[in-house]
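S.K.: no sequence on this one, just coordinates:
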């Protein structure tokens, strides 16, 4: 019964759309898939700007290529073909133009200000975040070098947390030794 009602509602919408086109009225706005496809491609970004020496140094540390992520996702991160230090990242049908941003932590951070994307690269993994929507688009992305670091950390995890104070080194205990030639007397 419910499926018949849905069918009749869908048929009614189709008839109204065909009637509107026959009457010469403008067509309805693009369907959701077409609108989503258009939204997936951000507007053309302005020509990349020249970077500072610090930004160029960051760019040298970026892992590029086909990078697998968790949940069978992957990203393609390549150097920009004409702008030194800039990058192009593709995930699915989305494409971002990324620029290095200095950080206080030493992590590699690439941003697309217009698209709202942020690529964070640590020693053992990378992640892609959408700042506009406030969510992660890809996580646990690892280049071959990052996989080696992650495996090394799994074999011998670092003790303590990042904010824990370092543990003091053990102090060797030295017992007093008798001096040669000295005589000791036993108590009677």
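M.R.: Yep, it's here. In this text the structure is predicted, and so the values were computed from the model without any measurement.
S.K.: drop to CA atoms for contacts and neighbour counts, all remaining ones
M.R.: Noted.
S.K.: Endpoint to endpoint, stretch 108-119 covers what distance?
M.R.: From its first residue to its last, stretch 108-119 covers 8 Å (CA to CA, to the nearest Å).
S.K.: what about the strands in the protein?
M.R.: Assigned strands in the chain, in chain order: 65-68, 74-79, 87-91, 94-101, 108-112, 117-121, 126-130, 135-141 (criterion: DSSP state E).
S.K.: Format these as a markdown table; extra columns: mean pLDDT.
M.R.: Shown next, in a markdown table, are those (pLDDT from 0 to 100):
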| stretch | mean pLDDT |
| --- | --- |
| strand 65-68 | 97 |
| strand 74-79 | 97 |
| strand 87-91 | 97 |
| strand 94-101 | 96 |
| strand 108-112 | 97 |
| strand 117-121 | 97 |
| strand 126-130 | 97 |
| strand 135-141 | 96 |
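S.K.: how about the ones you listed in JSON lines, adding mean neighbour count and distance to residue 148?
M.R.: Compiled in JSON lines, the strands of the chain are given as follows (neighbours: other CA atoms under 10 Å; distance: least, CA to CA, whole Å):
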{"stretch": "strand 65-68", "mean neighbour count": "16", "distance to residue 148": "14"}
{"stretch": "strand 74-79", "mean neighbour count": "19", "distance to residue 148": "18"}
{"stretch": "strand 87-91", "mean neighbour count": "19", "distance to residue 148": "23"}
{"stretch": "strand 94-101", "mean neighbour count": "22", "distance to residue 148": "24"}
{"stretch": "strand 108-112", "mean neighbour count": "23", "distance to residue 148": "18"}
{"stretch": "strand 117-121", "mean neighbour count": "22", "distance to residue 148": "14"}
{"stretch": "strand 126-130", "mean neighbour count": "20", "distance to residue 148": "14"}
{"stretch": "strand 135-141", "mean neighbour count": "17", "distance to residue 148": "13"}
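S.K.: Put together a markdown table for those strands, with distance to residue 173 on each row.
M.R.: Shown next, in a markdown table, are the strands of the chain (distance: least, CA to CA, whole Å):
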| stretch | distance to residue 173 |
| --- | --- |
| strand 65-68 | 51 |
| strand 74-79 | 54 |
| strand 87-91 | 56 |
| strand 94-101 | 49 |
| strand 108-112 | 44 |
| strand 117-121 | 44 |
| strand 126-130 | 45 |
| strand 135-141 | 45 |
